[in-house]
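J.: Turn this into a model:
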Amino acid sequence: MRFLVSTIGSRGEAQPVTALAVRLKELGNDVKLVAPPDFEELVTGNGIDFTPVGPNLRNATAVKTTPDELRGLAEESVREQFRVVTKAAGQADVLVAGGALQHATRSVAESIGAHYVYASFCANTLPSPHHAPPAMLGRVPVNGTPEENLAHWDRQRHYFAFSRDTLNAERATLGLDPIDDVRDHIFGDAPWLAADPVLGPWPGPGELVQTGAWLTDDQRPLSPELAAFLDDGEPPVYFGLGSMRGAPDVARDAVEAARKLGKRVVLQRGWADLKLTDDAPDCIAIGEVNQQALFRRAAAIVHHGGAGTTTTAAAAGRPQIVLPHMYDQYYWGGQVERLNIGRSANAVTTEVLAEALQLSDHAAKVAVQVRTDGARVAAERLMAL
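T.: Model prediction:
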């Protein structure tokens, strides 16, 4: 079968769709993947045909824009998605959209008569009366009654509406009728949930396909420098914010908190280009890394609360501290608290870190329940469409 897998998001979306593409290819399918240019090495390094879409996100997220400029960039993104996805799709049998803001994928699938599947990586990005929607533009909705939650969802619907005219203009060029509700159009009639059922269960109403998280089997070795650091003492505290733009003092505070507890630190620079404040031997700064291998050797994991990082930390059986910044990260912080495998906080203090470290045994018990076969389950279901 021929598959096109597409995302327009950050590494939190690019990593899982790459995992899915790898599984589909292993099962003998022809697979192409569309993602922002930042992730070419990730995708091609796993042997998948890559097509870039949109600007380099790492550079784009560092530039401040006015609301009018943001609207113009969003409209251009819709047009670019249609151009790229239409060309890349060819005569694909199935188009998979991973994560939100996938304005073109369903329309292109309609135009070529292909199956369309929208996959979310977090339950609270899909409408339900049992949870509030994710944080948008700095607003963090609070869970309430079913009626209050649904009201939150209705208020957020307009975030998608700005692109309707551009989307419909592109649909017209494909000979398709206009749509009224952009959000419902993107989510489709039967969205999938690519999240672990223990960490992020679907609360309802109704049933949906929950495959488990889409994880790669990362076999990359740790660098000699990092391996030597790990071998030279007790398990360290890991600190990293992924593609978030964290303030430098957040890393400084985390290092100070760990040192007060006699813990070493592995600091991942990430897109914020975090730096250590000194060259003491109890800390090491690193770049891109095999998190699966590193997390198993950590005492605790401090991170931004992305779906993939949260799942990888949970599967490693290590306690975690979530420092949420946006979107679904507040949800994942809440889930970590619910399962008592870590803490969600605004900053890393000695007290918060000490509390998290006390949860090591419980985190190890939860780890054995975390599924690692989600990408394979999803690939097999897609082949059965």
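J.: could you point out the longest helix in the chain?
T.: In the chain, taking DSSP state H as the definition, the longest helix is helix 67-89.
J.: Where do the strands of the stretch 251-385 of the chain begin and end?
T.: Counting by DSSP state E, counting those that start in this stretch, the stretch 251-385 of the chain forms strands over residues 265-268, 283-286, 300-303, 320-322, 342-344, given from the N-terminal end onward.
J.: Is it possible to get those strands out as CSV so that each row also shows mean neighbour count and distance to Ala384?
T.: C-beta: built from backbone N, CA, C; applies to glycine. Compiled in CSV, the strands of the stretch 251-385 of the chain are given as follows (neighbours: other Cβ atoms under 10 Å; distance: least, Cβ to Cβ, whole Å):
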stretch, mean neighbour count, distance to Ala384
strand 265-268, 23, 39
strand 283-286, 19, 41
strand 300-303, 28, 35
strand 320-322, 28, 35
strand 342-344, 24, 37
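J.: Turn the ones you listed into TSV, including distance to Asp253 and mean pLDDT.
T.: Rendered in TSV, the data for the strands of the stretch 251-385 of the chain read as follows (distance: least, Cβ to Cβ, whole Å; pLDDT from 0 to 100):
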stretch	distance to Asp253	mean pLDDT
strand 265-268	11	96
strand 283-286	13	96
strand 300-303	10	96
strand 320-322	12	97
strand 342-344	15	97
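J.: what does the longest helix of the chain rub up against?
T.: Contacts with helix 67-89, where a contact means Cβ atoms under 8 Å, 6 or more residues apart in numbering, come from 4, 6, 8, 32, 34, 51-54, 60, 65, 95, 101-105, 107-109, 111-112, 114, 162-163, 166-167, 170, 173-174.
J.: again, only using 6 Å
T.: Contacts to helix 67-89, defined as Cβ atoms under 6 Å, 6 or more residues apart in numbering, come from residues 4, 6, 32, 34, 51, 53-54, 103-105, 108, 163, 166-167, 170.
J.: what mean pLDDT would you report for it?
T.: The pLDDT scores in helix 67-89 average 85.
J.: mind listing what's buried in it?
T.: Within helix 67-89, the residues that qualify as buried are 75, 77-82, 84-86, 88-89, counting by 16 or more other Cβ atoms under 10 Å.
J.: Distance from stretch 166-184 to the middle of the chain?
T.: The gap between the average C-alpha position of stretch 166-184 and the chain average comes to 27 Å, counting by Cα atoms, centre = their mean, to the nearest Å.
J.: Any regions of the stretch 51-200 of the chain where pLDDT drops low?
T.: Within the stretch 51-200 of the chain, the set of residues satisfying pLDDT under 70 comprises 59-71.
J.: ok so, going back, go ahead and name everything in contact with the helix or strand just after the longest helix of the chain.
T.: For helix 67-89, the succeeding helix or strand toward the C-terminus, using DSSP states H and E, is strand 94-98. The set of residues external to strand 94-98 that reach it, using Cβ under 6 Å, 6+ apart, is 3-7, 13, 17, 105, 109, 114-119, 382, 385.
J.: Can you flag which of the residues you listed belong to strands?
T.: Filtering these for membership in strands, criterion DSSP state E, returns 3-6, 115-119.
J.: Just the buried ones among the residues you listed, please.
T.: With neighbours counted using 16+ other Cβ under 10 Å, those contain these buried positions: 3-6, 116-119.
J.: In PDB, list the C-alpha atoms belonging to stretch 252-263.
T.: Backbone C-alpha positions of stretch 252-263 (Å, rounded to 0.1, in the frame of the first residue of the first chain) are rendered in PDB as follows:
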ATOM      1  CA  ARG A 252      20.200  27.500  36.700                       C
ATOM      2  CA  ASP A 253      17.500  26.900  39.300                       C
ATOM      3  CA  ALA A 254      17.300  23.200  38.400                       C
ATOM      4  CA  VAL A 255      21.000  22.700  38.800                       C
ATOM      5  CA  GLU A 256      21.000  24.500  42.100                       C
ATOM      6  CA  ALA A 257      18.200  22.300  43.400                       C
ATOM      7  CA  ALA A 258      19.900  19.100  42.300                       C
ATOM      8  CA  ARG A 259      23.200  20.200  43.900                       C
ATOM      9  CA  LYS A 260      21.500  20.900  47.200                       C
ATOM     10  CA  LEU A 261      20.400  17.300  47.200                       C
ATOM     11  CA  GLY A 262      23.800  16.000  46.100                       C
ATOM     12  CA  LYS A 263      22.700  15.100  42.600                       C
END
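J.: tell me which residues in it are buried?
T.: 252-255, 257-259, 263.
J.: Domains in this structure, by residue range?
T.: Following the assignment in automatic domain parsing, the chain carries domains at 2-215+373-383, 224-367.
J.: Please name the bridge partners of the closest residue to Ser223 other than its chain neighbours.
T.: Closest residue in space to Ser223, ignoring its immediate chain neighbours: Ile286 at 7.2 Å, by Cβ to Cβ, 6 or more residues apart in numbering. Here Ile286 sits in beta bridges with Gln268, going by DSSP bridges.
J.: which ones are touching Met136?
T.: Residues touching Met136, when contacts are defined by Cβ under 6 Å, 6+ apart, comprise Tyr159.
J.: Residues in a beta bridge with it, which ones?
T.: Beta-bridge partners of Met136, as defined by DSSP bridges: Arg139.
J.: Between the two ends of stretch 176-188, how far is it?
T.: Criterion Cα to Cα, to the nearest Å; first-to-last residue distance in stretch 176-188 is 16 Å.
J.: Burial check on His158, number of neighbours?
T.: 10 (other Cβ atoms under 10 Å).
J.: distance of it from Arg183?
T.: Counting by Cβ to Cβ, to the nearest Å, the separation of His158 from Arg183 is 9 Å.
J.: All the helices of the stretch 251-385 of the chain, in order from the start?
T.: Along the stretch 251-385 of the chain, counting by DSSP state H, counting those that start in this stretch, helices occupy 291-295, 307-316, 329-339, 350-357, 360-367, 374-383.
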